[in-house]
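>>> Give the three-dimensional model of this entry:
(2 chains)
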Amino acid sequence: MSAGATGWTPVRLIVPGIVLAAAIGYLIWAYAVEARARDFPVMVGWVFVLLALVDVAAHSNSALGRYLAAVLSGRPLDASPAEDSDHAPGNPIVAILWVAGFVGLSWIAGFLVSIPIYVFLFMRLQGRHGSAASLLAAAAMVGVVWGGFELLLRYDVYRGVFFDTL
Amino acid sequence: MIESLLTGIDLLFTFRGVMYLCLGVVVGMVFGAIPGLGGVTAIALLMPLTFSMEPGEAITLVGGIMGATSFGGSIPAILINAPGIALNAATCFDGYPLARQGKAGMAIGAAAAASTLGGIVGIFTLLLIIPIAKKIVLAFGPPEFFMLAILGLSAIAISTGGAFLRGLIAATLGLVLAFVGYDAVSGGVRFTAGSEYLFDGIPLVPALVGIFAIGEMINLTTRGGSVASSKNTVSIGGVGEGVKAVFRNWPILIRGSAIGTFVGALPGVGGTVASFLAYSATVQVSRNPDSFGKGNIQGVIAPESANNAKDGGSLIPTLSFGIPGSAETAIFLGVLILHGMEPGPMLLLEHEGIIFSLVLAVFASCVLASLIGLALARHLALITLIDVHILVPSVIAVALVGVYALNGNFDDVILSLVFGILGFAMARFRFPRITLVIALVLGELAERSFHQSLRMNSGDWDVFFTRGISLALFVAVVLCLVLPAIRFWIRQRRTGERGRP
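A predicted model of the protein is given here:
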């Protein structure tokens, strides 16, 4: 659906919708807590749902929505809707997968194995750096971690499930 | 108080204390100089590493970082028009034009002196307030602490400018997360989904490292690039002229410091607002406002004095009431928890000596940062040339190894990852992270005070409205919540009046 004269699109309701669903889900969960422990969480849950509803309304393509958006954002009534997100050029899913992959590899093989692999691959594939520079940075990083944590601070760096079972 | 001050001096001025102070200053300056990092990331990153330190040493390290970050960020702001952290943005307006005129040294000298003196004003104000704050704390009971916690959250939400509603939503989410785990009131366990790991609640340190350090690195990955594309060869001379300019313009220094201290004391408002307010106030009262933005040294002095004075200001609500005045102080509370000190109203009463060591560390850091910064200015500017693709994996690796080192539990690493994704999503969709963090810290205080208040009054809610201080705080909460509507109404009236013939 194309943006109208006001610049509104239904996409603007996605994030507020997700927040509202989370708020409702939390409230239902709060009611399942035993009676003595749920007073304050339930109260906060209702506030959460109310705020989420107002957020949905403020992002809707209605007169009430535009009015709420203007009041809450401090923008004039006739201004076009403010950007709700920060459009950085890179792919956020890829950025998250890099960190998640590092954590996953660390869990399996430990930090001293995963760090050089992660640093090397990140610099080569994401940063398009040369192999030599990437290898050097990877070696330096693992040296810093091992030297700093194990030697200097005497912390045990996680060895990983694989090496722990050996 | 004198005895506590002497205890603080004793804790700070040992060999290890001075060493950690210097380390904090250097780390703070480096992190302040690298856009995308900042003092919040520095403290979050180092927090797990302080576990093996004495509490006084850990706090000295944090104080060193807090006092140095702002000045560190001013150097790239002046040399390459890229503020290291948001609160240095106002310094760019006149600092960079000065650098282009070959007066970078003068600008840096002015920033150094203004930062030092502004920081000193903030700290002295804090020292004057602390004895009064103790008396105020003792006058507060559970209803007052509950209302204060709610006021803190409301005030932070309105300080997020156009994201007021999302600030409140983030604060509510923070409270929701604070409920996870064992409930001291009922003895039951809540919202753990059967996980034993969450029995003691969401561990604060891994969560903070995730939200700020990991979240920020994910954000930098999506942005890519580096800050500066070419080396800057501007000569850094004339520093002495800049220092003298600060003393010649002492009214601007005092005004900027006062604004920074006051604004810094308002929870969640932060140094960015303080520095811009100080800058715009200086322009407005100037006899030559057109000279600003073109290399007026006053345009460097005002924001730099404000953004360092805010450090002392932000510690006022943090140390007095356990309500963080800024993101750095919110994470600082995490450091206190790590070292067995409960943040909250009793902190000042039970650990005054250690708190004074923090205050003195911030004071010493302001001075030391300027001296070190002046010596290393050009080298610090080169740090901004580091490609994010080297920076990001390095910071993530160190952060997660540090998180694991805390308890030797890999679940902490996974939690940091989850909060990192949450922190990134919040930044991307403009939900202020600071309100979530502050609510996470305040949640337990709020719930405990709530239940204690009702118990005091046999379950009757009027306990919040029949005590003078509690009622006054409630009125302040209501004002905070209706402030956006009031501003909107005033603006509509002005627009209507301008439209009339």
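>>> need the contact list for B:G188.
For B:G188, the contacting residues are A:V33, A:E34, A:R36, A:A37, B:Y182, by Cβ atoms under 8 Å, 6 or more residues apart in numbering or on different chains. The way it works is simple: take the backbone N, C-alpha and C, and place the C-beta from them, glycine included.
>>> Let's see that with 6 Å instead.
Contacts for B:G188 were tallied using Cβ atoms under 6 Å, 6 or more residues apart in numbering or on different chains; they are A:E34, A:A37.
>>> could you say what helices and strands the helix-or-strand element of chain A with minimal mean pLDDT packs with?
Among the secondary structure pieces of chain A, namely its helices and strands, helix A:63-73 has the lowest mean (mean pLDDT, DSSP states H and E), a mean of 75. Helix A:63-73 makes packing contacts with helix A:35-58, helix B:468-499 when contacts are defined by 3 or more Cβ pairs under 6 Å, 6 or more residues apart in numbering or on different chains; DSSP states H and E.
>>> Out of these, which gets the lowest mean score?
Considering the helices and strands packed on helix A:63-73 one by one, the lowest average pLDDT is found for helix B:468-499, at a mean of 79.
>>> sorry, back to before: tell me which of the helices and strands packed on helix A:63-73 sits most buried.
Between the helices and strands packed on helix A:63-73, the one whose residues have the most neighbours on average, counting mean count of other Cβ atoms under 10 Å in any protein chain shown, is helix A:35-58 (a mean of 19).
>>> That one relative to helix A:63-73, how many degrees between them?
With axes from the mean of the first three to the mean of the last three Cα atoms, to 10 degrees as the basis, helix A:35-58 and helix A:63-73 are set at 110 degrees to each other.
>>> touching chain B at all, helix A:35-58?
Yes. Interface with chain B: helix A:35-58 contributes A:R36, A:A37, A:F40, A:P41, A:V44, A:V47, A:F48, A:L51, A:D55 (Cβ under 6 Å from any Cβ of the partner chain).
>>> can you tell me how far B:G38 sits from B:F276?
Using Cβ to Cβ, to the nearest Å, one gets 17 Å for the distance from B:G38 to B:F276.
>>> before we move on, the earlier item: do you know which of the helices and strands packed on helix A:63-73 lies nearest B:V437?
Each of the helices and strands packed on helix A:63-73 was checked against B:V437 via Cβ to Cβ, and the shortest separation belongs to helix A:35-58, namely 16.5 Å.
>>> How far away from the center of its chain is the closest one?
The gap between where helix A:35-58 is centred and where its chain is centred comes out at 22 Å by Cα atoms, centre = their mean, to the nearest Å.
>>> before we move on, what about stretch B:215-224?
In terms of Cα atoms, centre = their mean, the gap separating the centre of stretch B:215-224 from the centre of its chain is 21 Å.
>>> need the residues of chain A near chain B, please.
A:15, A:26, A:33-34, A:36-37, A:40-41, A:44, A:47-48, A:51, A:55, A:71-74, A:85-86, A:88, A:90, A:92, A:95-96, A:103, A:111, A:115, A:118-119, A:122-123, A:126-127, A:137, A:141, A:145, A:149, A:155, A:158.
>>> filter these to the buried ones?
The neighbour count (16 or more other Cβ atoms under 10 Å in any protein chain shown) marks A:15, A:26, A:33, A:37, A:40-41, A:44, A:47-48, A:51, A:55, A:71-74, A:88, A:90, A:92, A:95-96, A:103, A:111, A:115, A:118-119, A:122-123, A:126-127, A:137, A:141, A:145, A:149, A:155, A:158 as buried among the residues of chain A next to chain B.
>>> neighbours around B:L253, how many?
Burial measure for B:L253: 26 neighbouring residues, criterion other Cβ atoms under 10 Å in any protein chain shown.
>>> ditto for the one 10 residues further on
Residue neighbour count, defined by other Cβ under 10 Å, stands at 26 for B:V263.
>>> which stretches of chain A have low pLDDT?
In the prediction, chain A carries residues with pLDDT under 70 at positions A:1-7, A:73-89, A:165-166.
>>> center of it, which residue is that?
For chain A, the residue lying nearest the average C-alpha position, counting by Cα atoms, centre = their mean, turns out to be A:I96 (8.0 Å).
>>> Leaving out chain neighbours, which residue sits closest to the residue of chain A found nearest chain B?
Going by Cβ to the nearest Cβ, chain B is nearest to A:G127 of chain A, at 2.7 Å. In space, not counting the residues next to it along the chain, A:G127 is nearest to B:H389; the distance is 2.7 Å by Cβ to Cβ, 6 or more residues apart in numbering or on different chains.
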